[in-house]
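> What follows is a protein structure lacking sequence information:
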C-alpha cells in the first residue's frame, strides 16, 4: 500500500504548528518548566544550573528558580552542584500511556506480532526530529535498548522515521531533511540529503521502509505506516532483528506480510 501525499497535513517537524495558540493564551512558565525537564537525557542525565541554562536558553537565575521549583515538587533531585530527574517524572509518561488511545490500540497487535514472529516490535510517532516510541515488545529477544516506550531515536536513520516522513508531501520532506544534522551513527548511516529524501520517496511508493544497520550496528528493521480513518499516517509499526540472524531479504519475506495484516486491522480502529 503506497502512502498518499496530503497537502493539508502539517509539516513533519512542526506538527500542530499551524494551529499554534496566540502568545497571550500561552503559559510561558509551564513551557519553560517543561523545557528544563527535557534538558536531561541519556547523554546528560546530570546537569548543573549553567548547563540547564545553556540547553534551554534561560538565564542562569531563571534556570535556578525552575530547578528549585521542580525539586520542591519532587521531579528533580540535587547532589551538590548537580541536578537530576527523579522517578516522579515517570508519572507524566504514565498519564499518557494510561489515558491515550493510540498505545492501547497498538499494544495488542504488537503482542500478536511477537507471538507470530518471535521478534521485537515497536510503534512510534514523529516528534520533531525524532521518533518517539509509544509501545513495544521484545519478543523474547534483546535487540536494542531503543525498543521500549519513551525512548527517542533520530527519524532520519530509522525505518519508523522514514515511513512517518513519507506521510508528508515530498517538498516538506526535503525541507525537513535540509534542517537535519545527518551524523554517521554507523558506517551504514545515510548522511547524504538527496539519498535520504529519495529513501523517503521510495518508502512512500512501496508502503514500507527498510533500514539496515543505520541506527545501530547489527540492527535491521522494516516498518509500515499506521493509517487512520482520515487516511493520514498516525504512527509507524516495525519489526527489528539482529543482522547476524537474518538477512534483509529474509526479514522482508517473513515480517512484511504480518506487519501489513496488523496495519489493515489497526486501520479499522484508528
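Arrived safely, thanks for sending. These numbers come from a predicted model, not from an experiment. Residues are numbered from 1 along each chain as shown.

> all contacts plus neighbour counts: C-alpha atoms, from now on.
Will do.

> okay, and the helix or strand of this structure with the least pLDDT?
Within the chain, judged by mean pLDDT, DSSP states H and E, the helix or strand with the poorest mean is helix 90-99; its value is a mean of 70.

> Quick check: next helix or strand after that one?
helix 101-117 (DSSP states H and E).

> model confidence over that following helix, on average?
The pLDDT scores in helix 101-117 average 88.

> Now do it: distance to the chain's middle.
Taking C-alpha atoms, centre = their mean, to the nearest Å, the mean C-alpha location of helix 101-117 is offset from the chain mean by 17 Å.

> Start the count at 32 instead of 1 going forward.
OK, 32 is where the count begins now, so the last one is helix 132-148.

> So what touches the following helix or strand past it?
Counting by DSSP H and E, the next helix or strand C-terminal to helix 132-148 is strand 151-158. Contact with strand 151-158 is made by 43-44, 46, 137, 141, 144-145, 162-174, 178-179, 186, 191-192, 195-196, 265-272, as judged by C-alpha atoms under 8 Å, 6 or more residues apart in numbering.

> Next up, the contacts around residue 65.
Per C-alpha under 8 Å, 6+ apart, neighbours of residue 65: none.

> Give me the secondary structure label for residue 81.
When classified by DSSP: H, G, I helix; E, B strand; the rest coil, residue 81 comes out as helix.

> didn't it look like it was pressed against residue 92?
No - counting by C-alpha atoms under 8 Å, residue 81 stays clear of residue 92, with 9.2 Å between them.

> Show me the contacts of strand 151-158 that map onto strands.
Of the positions in those, 162-168, 265-272 sit in strands, assigned by DSSP state E.

> Next one: the residue in the chain sticking out farthest from the centre from residue 93, what distance?
Within the chain, residue 111 marks the point farthest from the mean C-alpha position, 33.5 Å out by C-alpha atoms, centre = their mean. As for residue 111, its distance to residue 93 is 18 Å (criterion: C-alpha to C-alpha, to the nearest Å).

> May I see the buried residues of stretch 109-121?
By neighbour count on 16 or more other C-alpha atoms under 10 Å, the buried set for stretch 109-121 is 109, 114-116.

> Make TSV from the residues you listed and add pLDDT, secondary structure and distance to residue 283 to it.
Output for those, formatted as TSV (pLDDT from 0 to 100; DSSP: H, G, I helix; E, B strand; the rest coil; distance: C-alpha to C-alpha, whole Å):
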residue	pLDDT	secondary structure	distance to residue 283
109	93	strand	48
114	96	strand	45
115	94	strand	42
116	91	strand	40
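
> I'd like these as TSV, with distance to residue 126 appended.
TSV is the format used below for those (distance: C-alpha to C-alpha, whole Å):
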residue	distance to residue 126
109	25
114	24
115	21
116	17
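
> coming back round to it: among residue 81 and residue 92, which residue is more densely surrounded?
For residue 81 versus residue 92, the count of surrounding residues by other C-alpha atoms under 10 Å is larger for residue 81: 15 against 11.

> what's near enough to touch the more buried one?
Residue 81 neighbours (C-alpha under 8 Å, 6+ apart): 91, 94.

> So what are the structural domains in the chain, by residue number?
The chain breaks down into these domains under automatic domain parsing: 50-121, 131-298.

> Please identify the deepest-packed of those domains.
Ranked by mean neighbour count, the domains of the chain are led by domain 131-298 with a mean of 20 (mean count of other C-alpha atoms under 10 Å).

> Now find how far off-centre that domain is within its chain.
9 Å.

> ok, now stretch 112-120?
23 Å.

> Where does pLDDT dip in this structure?
Counting by pLDDT under 70, the chain shows low-confidence ranges at 32-50, 127-130.

> remind me, longest helix of it?
If you go by DSSP state H, the chain has its longest helix at helix 279-298.

> can you list contacts of that one?
Helix 279-298 is touched from outside by 136-137, 140, 144, 148, 241, 243, 251-260, 268-270, 272, with contacts defined as C-alpha under 8 Å, 6+ apart.

> And for stretch 132-147?
The contact list for stretch 132-147 (C-alpha under 8 Å, 6+ apart) reads 128-129, 150-154, 165-170, 289-290, 293, 297, 300-301.
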